[in-house]
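1. mind looking at a prediction? Sequence and model below.
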Amino acid sequence: MLQTMTRQVSSQAEAFRKRIASFHPRSQRSEDALENSLLQAYMGFIRESEMPMDRFVSHGGWLLEQSRVSSQISGRLLRKSKHLGSVHPRLAGQLQLLATFLADPPADAPAMLLRETAFAAYFVLNAPGALIADQAAVVETALRMHGSALRKFCRLRRLPWTEPDPRQAA
């Protein structure tokens with residue numbers, strides 16, 4: 001049953017991606033509006049589908065346009081981390097790491113790493129009605145999926161690294 005549900009979710013994510021790829025708007029603003037509406041719908045979909053979290057992050061990264069992977073997210077993440085510092089210090093530290101990474105990613109960082117970490121950031125900043133637990137689960141999952149590359153990034157930049165906790169991503 002889980003495999004059937006996973007296939008359904010995969011085909012729906014593929015349909016979203018094709019819809020984005022086939023749409024040729026008149027302006028960049030129209031393209032952004034379409035992408036925003038698809039991402040908003042997708043972020044709400046996780047609650048209804050019971051999709052595994054790693055698949056949710058992968059598909060979300062796939063839906064996220066490459067142009068969204070930018071350093072502009074960093075400032076917003078840092079502000080969010082300061083706001084969450086007393087409520088959820090673990091998530092606040094992880095958001096600081098994501099902000100630092102997205103502000104200046106290594107030149108050899110794979111596109112998948114950039115997209116999936118940017119999706120985690122995008123989810124934290126834009127998911128409609130997401131609870132802190134939802135945000136923590138998405139961020140923990142992205143960090144776990146790309147742990148070795150992010151650990152290396154932290155070591156090179158002399159940043160603290162905390163191993164992802166599977167219980168946080170449940």
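-> Thanks, I have it. Predicted model only: the values in this text are computed from it and were never measured.

2. how about W161: what's its closest non-neighbour residue?
-> In this structure, W161 finds its nearest non-sequential neighbour in C154, 4.1 Å apart by CB to CB, 6 or more residues apart in numbering. C-beta: built from backbone N, CA, C; applies to glycine.

3. do R144 as well
-> Residue nearest to R144 in three dimensions, not counting chain neighbours: P164, with 3.9 Å by CB to CB, 6+ apart.

4. gap between that neighbour and D134?
-> When CB to CB, to the nearest Å is applied, the distance between P164 and D134 equals 16 Å.

5. same check, this time on I73
-> Distance of I73 to D134, computed by CB to CB: 18 Å.

6. looking at these two, which one has more neighbours?
-> Shown here are I73 and D134; by other CB atoms under 10 Å, I73 has more neighbours (20 against 17).

7. so what's the more buried one up against?
-> Taking CB atoms under 8 Å, 6 or more residues apart in numbering, we find I73 in contact with A99, L102, A118, A121, Y122, L125.

8. hmm, try it at 7 Å
-> L102, A118, A121 (CB atoms under 7 Å, 6 or more residues apart in numbering).

9. now, among those, which is nearest to L91?
-> Using CB to CB, A121 is the member of these that lies nearest L91, at 11.9 Å.

10. quick one: buried residues of the strand or helix carrying that closest one?
-> A121 is part of helix 111-126, with elements assigned from DSSP states H and E. Across helix 111-126, burial judged by 16 or more other CB atoms under 10 Å covers L113, L114, R115, E116, T117, A118, F119, A120, A121, Y122, F123, V124.

11. rewinding a little: sec struct for the residue nearest to R144, please.
-> Of the three states, P164 takes coil according to DSSP: H, G, I helix; E, B strand; the rest coil.

12. for the closest residue in space to A149 that isn't next to it in sequence, report the pLDDT, please.
-> What sits nearest to A149 in space, not counting adjacent residues and going by CB to CB, 6+ apart, is L113, at 5.6 Å. For L113, the pLDDT comes out at 92.

13. gap between L113 and G129?
-> In this view, L113 and G129 are 28 Å apart by CB to CB.
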